[in-house]
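J.: How does the following fold in three dimensions:
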Amino acid sequence: MPVFSGTATFVLQSADLTHHDIHLAMIFLAVIAAALVVQAVGVVISGLFAAKLLHRVDKIGEIVETKTGPILDKTTQILADLTPKIQSFSENAEQISYTVRVKVDELGATVSQLNETVQEINGRTRIQVGRVDGIVTDALIATEEIAASVQQSIKTPVRQIAGVIAGLKAGLETLIARSPFGRS
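T.: Below is the predicted model:
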């Protein structure tokens, strides 16, 4: 409508309208009318295409409904059948979880007691190893002392015997050297 009001303003503003001006205004109005007709035809064609598209979408919807309807019905039936089983499974899983938790707690207490026992045994073993180490050290020292004593008691007579033999040898050599048989 702004176009018509602009045209009316144009016509009313010029007081001395000439035939040429009226002719131009009519051409201008004819162009505007033709544009409106083309626009109306475009809207009608768009409407027809939209109606055709809507008809196709409706057919596709019906096809989808006919193909998915049985699937949805079957799915609903399966869910209805599985609901009690799932609930039973859930309850069983809950009971198993509770039992496992109780057993794990018991196992934890047992492991704690076992750990304390092992630590106590380890402490006692260290004490006993210390005692055994002391006993072995004392035994080794005593063995060394006995060995030194035995060695000393054997060495002394052996030295004395060696000294006596050395003396006898020296005496015999001297005797042989002074005898008539030794001077040759």
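
J.: Summarise which helices and strands the lengthiest helix in the chain is packed against.
T.: For the chain, the longest helix by residue count, based on DSSP state H, is helix 19-178. Under the contact criterion of 3 or more C-beta pairs under 8 Å, 6 or more residues apart in numbering; DSSP states H and E, helix 19-178 touches helix 2-13. No exception for glycine: its C-beta is placed from N, CA and C like everyone else's.

J.: Number of residues surrounding residue 62?
T.: In terms of burial, residue 62 registers 10 neighbours under the definition other C-beta atoms under 10 Å.

J.: can you check residue 169 too?
T.: Number of residues near residue 169 (other C-beta under 10 Å) recorded here: 10.

J.: ok so, going back, now the longest helix of the chain: how far from the chain's centre is it?
T.: In terms of C-alpha atoms, centre = their mean, to the nearest Å, the gap separating the centre of helix 19-178 from the centre of its chain is 6 Å.

J.: tell me the mean pLDDT over that helix?
T.: If you average the pLDDT over helix 19-178, you get 88.

J.: Begin at 50, not 1, for the rest of this chat.
T.: Happy to do that; since the first residue is 50 now, the last one works out to helix 68-227.

J.: Against residue 143, how distant is residue 128?
T.: Summarising the geometry, the distance separating residue 128 from residue 143, computed by C-beta to C-beta, to the nearest Å, is 21 Å.

J.: again, but for residue 226
T.: The span separating residue 226 from residue 143 equals 117 Å under the rule C-beta to C-beta.

J.: same thing with residue 185?
T.: Applying C-beta to C-beta, the value for residue 185 to residue 143 is 61 Å.

J.: and what of residue 116?
T.: Here the criterion is C-beta to C-beta. By it, residue 116 lies 40 Å from residue 143.

J.: ditto for residue 216
T.: Remark: distance between residue 216 and residue 143 (C-beta to C-beta) = 106 Å.
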